[in-house]
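Student: This is a predicted model, with the sequence first.
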Amino acid sequence: MERKKPEYWKNLGNEFFQKGRYPVAMRCFMKAIHLNPGYVEAWNNLGFTLKKLGRDEEAMRCNEKVKELKRSWEH
């Protein structure tokens, strides 16, 4: 079932983000991350969404998580 795939939620989040519906997009990205905690694109998009919502500190934490995940790929 599609709804069990993190890609489904990330793509849905992207659609809501494009429409300026940031709170709904944020929930979609969080669902994708719940399904796959290592999903870099979802973390990245969540950070952008939080920034749009003025939640800068949380956005910075997402950015740090993206960096951490990318570093883990290098080793």
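Tutor: Right, received. Where do you want to start? Numbers count the residues shown, from 1 in each chain.
Student: Point out where this structure drops to low pLDDT.
Tutor: Scanning the chain for pLDDT under 70 picks out the ranges 1, 75.
Student: Scan it for its longest helix.
Tutor: helix 56-74 (DSSP state H).
Student: Which strands or helices does that helix pack on?
Tutor: helix 40-52 (3 or more Cβ pairs under 8 Å, 6 or more residues apart in numbering; DSSP states H and E). Where C-beta positions appear, they are placed from N, C-alpha and C, glycine not excepted.
Student: what residues does the helix it packs on touch?
Tutor: 6, 9-10, 13-14, 17, 22, 25-26, 29-30, 32-33, 36, 56, 58-60, 62-63, 65-66, 69-70 (Cβ atoms under 8 Å, 6 or more residues apart in numbering).
Student: Which positions within that helix qualify as buried?
Tutor: Val40, Glu41, Ala42, Trp43, Asn44, Asn45, Leu46, Gly47, Phe48, Thr49, Leu50, Lys51 (16 or more other Cβ atoms under 10 Å).
Student: So the residue nearest to Cys62 when sequence neighbours are not counted versus Arg3, what's the distance?
Tutor: Nearest non-adjacent residue to Cys62, counting by Cβ to Cβ, 6 or more residues apart in numbering: Gly47, 3.3 Å away. Gly47 sits 23 Å away from Arg3, taking Cβ to Cβ, to the nearest Å as the criterion.
Student: before we move on, what about Glu15?
Tutor: With Cβ to Cβ as the criterion, Glu15 and Arg3 are 15 Å apart.
Student: Also Asn63?
Tutor: 28 Å.
Student: No further queries at this time; thank you.
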